[in-house]
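> Model the structure of this input:
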Amino acid sequence: MGLDKSTVLAIDVESPDLPWKTTSQVNVFLRYLVAHGYKNVITYGSGSWFNAGWINRSQLVDKAIWVAAYGVSQPGVAKANAWQYTDNFHGVDCSYDFDGKLSGKTTKATPKKASYWADNGLYEVITSEVNVYGKPALDKANKRRIHFSKGSTIYGKAVKYGKVYRIKTDVGYISANKDYVKLVRKSGGK
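Below you'll find the predicted structure:
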């Protein structure tokens, strides 16, 4: 493909049909790239995959990781090289490149602390769209094929997930991040 040896190459590890522990398969790919002179390699995957040990960072040929974790204020995996914090920020995938592994430039700005709703009630989407997930972990592995567009209203129940909240709807979970949704009307229970 004409890529020079300094090109950053990422292996995207997220297919649900991969083995439960997939580190050895990732290493086969990384070893192949390194053996062919590509030194800038990185493993991309969901924060939940790294935390559950499906991808064991300590056993990777190259320890550089790019973590996907949405609707949270940090990537949730210690010393991640990069963090994809949304797959739709005004129509664009967005990532922080903490140490320049992806771009050659470090991200100096630190993300602002996210604020979350903790109420049951009627919510309105205030960003371009909000993805729906099958589980409270808002990552690609749990992403459903539906979303709510700006202006959509959804009834939901606030569910505590770690230090933050999710909104459980009839069709799945959405982020309770105040940058994405606003509480229109509070209902009983909280």
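> quick check: domain ranges of this structure?
9-97, 121-186 (automatic domain parsing).
> among these, which gets the worst mean confidence?
Lowest mean pLDDT of those: domain 9-97, a mean of 89.
> Minimum distance to residue 3: which of the domains of the chain has it?
domain 9-97 (7.7 Å; Cβ to Cβ). Where you see a C-beta, it was placed from the backbone N, CA and C, and this is true even at glycine.
> Ends of that closest one, what's the gap?
This stretch, domain 9-97, spans 14 Å end to end (Cα to Cα, to the nearest Å).
> Equivalent analysis for stretch 51-60, please.
14 Å.
> Check stretch 81-94 too.
Termini of stretch 81-94 sit 14 Å apart (Cα to Cα).
> Ok, stretch 88-96 next?
Note: stretch 88-96 ends 14 Å apart using Cα to Cα.
> Quick check: residue 23 touching residue 62?
No - contact criterion Cβ atoms under 8 Å: residue 23 and residue 62 do not qualify, at 12.0 Å.
> Going along the chain, name the helices of this structure.
Listed from the start of the chain, the chain has helices (DSSP state H) covering 23-35, 47-52.
> which of these sits most buried?
helix 47-52 (a mean of 20; mean count of other Cβ atoms under 10 Å).
> what helices or strands is that helix leaning on?
With contacts defined as 3 or more Cβ pairs under 8 Å, 6 or more residues apart in numbering; DSSP states H and E, the packing partners of helix 47-52 are strand 65-68.
> so residue 140 makes contact with residue 46?
Yes - Residue 140 is within contact range of residue 46, at 5.4 Å (criterion: Cβ under 8 Å).
> Which neighbours do those two have in common?
Shared contacts of residue 140 and residue 46, defined by Cβ atoms under 8 Å, 6 or more residues apart in numbering, comprise 14, 68.
> Between the two, tell me which one has more neighbours.
Set side by side, residue 140 and residue 46 show more neighbours around residue 46, with 26 against 23, by other Cβ atoms under 10 Å.
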